[in-house]
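Enquirer: starting from these lines, generate the structure:
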Amino acid sequence: MSEERSDGRQDHGNLRGPVLEGPGASDYERYLRTDELLSLQKPPEEQVHRDELLFQVTHQSSELWLKLATSELHQAAQWIEEGSLGPARRLLHRAALALEYVTEQLGMLEQLSPWEYQEVRRVLGHGSGFDSPGFAALRKTLPRLEEAFERRLEETGIDLVTLYVDAGAHDGLYQLAEEMATLDARLQGWRVRHYRVVARIIGDEVVGTQGTPVEVLGRLVHTVAFPTLWQVRNELTARSQREGG
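Expert: From the prediction side, this is the model:
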């Protein structure tokens, strides 16, 4: 029960004290489960090199952003299937932004000394970015997203070239296509940055922790998730040149 304060306002109790269940001295800590979260990195006494903390924090935070991106893409695909293009675009934008953060975080790995990283590498076992559960889950969402878009395009009764030529008449679908292209570009940007970071740290003529040559990463930078969205650019340019000529 609240009590009357001397200034006339009601005192509803200590608003700074925690009310949520769980460990932690505050509701901030309890809601975010910071006790558990901050215990997921090696303590100093277990580290072979202090940069293990940098390495783990960078990768663990990337997995969290990828988890968010995957969740948004799942819902976006469902909304496209249901014809809710506006909400789907919003979530695609969020997912692309999450991938941008993942890519920017690679800059932290560039702070690793190439020689000192070799100490960290000795305790990674066969750990490799190829095994990232975050990227694996995200990649699994892409075919559904592409299929949902293509089905929506087919139901509209136009092809991709027409969509871009008459974008104003199909603005919702056009904006969706562009958000998908942005998402794909972010994925390509991550691959390029990741390859350059790996090459900078361990070299580009060596093999990784799973025996995969680093040059394979270089070849993967040309991988795209939605090839038709890139091919249509070529078709539009060819059409413009034909009509202009």
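Enquirer: name the residues that touch stretch 52-68?
Expert: Surrounding stretch 52-68, the residues in contact under the criterion Cβ atoms under 8 Å, 6 or more residues apart in numbering are 40-42, 47, 94-95, 98-99, 101-102, 105-106, 108-109, 111-112, 120, 123, 132-135, 137-138. Just so you know, the C-beta spots here come from the backbone N, C-alpha and C atoms, and that holds for glycine as well.
Enquirer: tell me the domain ranges of the protein?
Expert: Structural domains annotated on the chain: 1-39, 50-244, as defined by automatic domain parsing.
Enquirer: contacting residues for the spatially closest residue to Arg122 that is not a sequence neighbour?
Expert: On the basis of Cβ to Cβ, 6 or more residues apart in numbering, the spatially nearest residue to Arg122 that is not a chain neighbour turns out to be Val48, at 6.6 Å. Neighbour list for Val48: Glu119, Val120, Arg122, Val123 [criterion: Cβ under 8 Å, 6+ apart].
Enquirer: any idea how far Val48 is from Asp131?
Expert: Taken as Cβ to Cβ, to the nearest Å, the spacing of Val48 relative to Asp131 amounts to 21 Å.
Enquirer: and the gap between the residue nearest the centre of the chain and Ile201?
Expert: The centre of the chain sits closest to Leu99, judged by Cα atoms, centre = their mean, with a distance of 3.0 Å. The spacing between Leu99 and Ile201, counted by Cβ to Cβ, is 21 Å.
Enquirer: Glu155 too?
Expert: Using Cβ to Cβ, which is the criterion applied here, Glu155 is 48 Å from Ile201.
Enquirer: so between these two, which is more surrounded?
Expert: Ile201 (19 against 10; other Cβ atoms under 10 Å).
Enquirer: if I've got this straight, the more buried one is in a helix?
Expert: Yes - checked against DSSP: H, G, I helix; E, B strand; the rest coil, Ile201 lies within a helix.
Enquirer: and whichever strand or helix holds Ala76, what's buried?
Expert: Counting by DSSP states H and E, the secondary-structure element that holds Ala76 is helix 52-82. If you call a residue buried by 16 or more other Cβ atoms under 10 Å, then helix 52-82 has these buried ones: 52, 54-55, 58-59, 62, 65-66, 68-81.
Enquirer: next one: it to chain centre, how far?
Expert: Between the mean C-alpha location of helix 52-82 and the chain-wide mean there is a distance of 5 Å, by Cα atoms, centre = their mean, to the nearest Å.
Enquirer: can you pull the contacts of Val165?
Expert: Residues in contact with Val165, defined by Cβ under 8 Å, 6+ apart, are Leu236, Arg239.
Enquirer: next, give phi and psi for it.
Expert: Main-chain torsions, Val165, degrees, to the nearest 10: phi -70, psi -40.
Enquirer: quick check: it vs Arg239, distance?
Expert: When Cβ to Cβ is applied, the distance between Val165 and Arg239 equals 8 Å.
Enquirer: which neighbours do those two share?
Expert: Taking Cβ under 8 Å, 6+ apart as the contact definition, Val165 and Arg239 share no neighbouring residue.
Enquirer: for this structure, which residues score under the pLDDT cut-off?
Expert: In the prediction, the chain carries residues with pLDDT under 70 at positions 1-14, 207-212, 217, 245.
Enquirer: all strands for it, in order.
Expert: 3-4, 10-11 (DSSP state E).
Enquirer: returning to what we had before: grab the nearest non-local neighbour of the residue nearest to the centre of the chain.
Expert: Nearest-residue entry for Leu99: Arg186, 3.9 Å, with adjacent residues in sequence omitted and distances by Cβ to Cβ, 6+ apart.
Enquirer: ok now do Pro133, which residues does it touch?
Expert: With contact set as Cβ under 8 Å, 6+ apart, Pro133 has these partners: Glu63.
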